[in-house]
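# I'll drop the sequence and a predicted model, then ask my questions.
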Amino acid sequence: MRSGRLENIQGQEYDESQPKSMTGPLVSIVIAVRDSERFIESSVRSALAQTYSPLEIVVVDDGSRDRTGEILERMRDPRMRVLRTAGIGSARAKNLGMRETAGRIDQPPSANLPAWAQLQQDLRARGMLAPPVEVVDDDGAVLPALQQVLEVVADHGMLLATGHLSRDEIFAVVDAAVGCGVRDIVITHPDFPSQDLSIEDQLALARKGALLERCFVTFHTGKAPWERMVAGIRATGVENNVLSSDLGQRRNPPVEDGLPLMADRMLAAGFSEDEVRTVTVTNTRRVAGLEVLV
């Protein structure tokens, strides 16, 4: 392994220092926030760092009372627009942002769009673009719809993953899930800029019984440094972590290479083979509901 490069089990090398660019029709990213001074800058910079072009970022500041507005004012970029609303709620703010981008995305059948953008376009064309599902109200209280989902998850012994929820939403959902008797909870990529959970946050969630999912793509694409993954696993303990690749994109390494490359990083950082096995095999089987091998 050389600096800035990764090598897979077939000996292929991946240069992590060279971004893989994609071009095509205009694609819009909508970010709705309120009182988000803690993570808004990292979230917007992550969106602006996308290698796809052309790109526009629409940020809806839904009545923030902290320094969110000030931070957005400072982050001037020709690809970014800021809309301001007066506390209309997360879902309505996101819908407003989506309406502002409607018709701004080229839609030729052969467009070279990322997979997520192609799906979004197809759903919009079919009239199936559902609004985001809110999990908490403006005061942070869990909504009845989420409570119903959590009851179903608990009754059927399903696993709950937090996806792309914000930091405060994650804590509200995890607390509600534990209260409903949900046994298996995974915190999706806590190192990703839109989550950006501190070590203290990660420790608190681990104490509630949640597993912390470290995703290869987050670090391989530069959304967060590899050192952050190492520090997070070391601080929270291998027993509270699980590795996943999040691969499947043409411009990234093959899916089967993700976990071996992450294992190499851990071994190089001083973790033992048994510790690597815990986060790649033992906890993976736990997530899948399978018997843990000894």
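Good, I have the coordinates. These figures come from a predicted structure and were not determined experimentally.

# In the stretch 151-294 of the chain, what residue spans correspond to helices?
Across the stretch 151-294 of the chain, reading from the start of the chain, the helices by DSSP state H, counting those that start in this stretch fall at 167-180, 199-207, 216-220, 226-236, 258-268, 273-277, 283-288.

# In this protein, where is pLDDT below threshold?
Within the chain, the ranges that satisfy pLDDT under 70 run 1-25, 51, 91, 102-118, 120-121, 124, 129-133, 292-294.

# got a list of what the residue most central in space within it touches?
In the chain, the C-alpha closest to the average C-alpha coordinate belongs to H164, at a distance of 4.7 Å (CA atoms, centre = their mean). Listed by CB atoms under 8 Å, 6 or more residues apart in numbering, the contact set of H164 reads 188, 192, 194-195. Quick note: C-beta positions are derived from backbone N, CA and C, even for glycine.

# Would you tell me what helix or strand V27 is located in?
Assessed by DSSP states H and E, V27 sits inside strand 22-33.

# quick one, domains of the chain?
Each structural domain of the chain that the record assigns through automatic domain parsing is listed here as a residue range: 5-125, 144-288.

# Could you identify which of the ones you listed is most buried?
Using mean count of other CB atoms under 10 Å, the stretch among those with the largest mean neighbour count is domain 144-288, at a mean of 18.

# ends of that domain, how far apart?
Using CA to CA, to the nearest Å, one end of domain 144-288 lies 28 Å from the other.

# and if you look at stretch 151-168?
Between the opening and closing residues of stretch 151-168 there is a gap of 21 Å (CA to CA).

# ok, now stretch 54-74?
So stretch 54-74: terminal residues 22 Å apart, CA to CA.

# who touches that stretch?
When contacts are defined by CB under 8 Å, 6+ apart, stretch 54-74 is touched by residues 23, 25-37, 40-41, 44, 47-48, 77, 79-90, 93-94, 96-97, 100-101, 104.

# about what we covered before: farthest-apart pair in the contacts of H164, please.
Of all pairs drawn from the contacts of H164, the one with the largest separation by CB to CB is T188 and S194; the distance is 10.2 Å.

# Check the gap between E275 and D168 for me.
Counting by CB to CB, to the nearest Å, the separation of E275 from D168 is 31 Å.

# give me the element the residue nearest to D61 when sequence neighbours are not counted is part of.
Setting aside the residues directly before and after it, D61 is nearest to R84 in space (CB to CB, 6 or more residues apart in numbering), at 5.1 Å. Element membership of R84 [criterion: DSSP H and E] is strand 80-85.

# Which parts of the stretch 51-200 of the chain are strands?
With DSSP state E, counting those that start in this stretch as the criterion, the stretch 51-200 of the chain has strands at 52-62, 80-85, 159-161, 184-187.

# So for E200, which of those sits nearest?
Nearest of those to E200, taken as CB to CB: strand 184-187 at 13.6 Å.

# Q50: what secondary structure?
Under DSSP: H, G, I helix; E, B strand; the rest coil, the three-state class of Q50 is coil.

# Kindly state the beta-bridge partners for the closest residue to it other than its chain neighbours.
Spatial nearest neighbour of Q50, chain neighbours left out: I29 (7.6 Å); criterion: CB to CB, 6+ apart. Beta-bridge pairing for I29 (DSSP bridges): I57.
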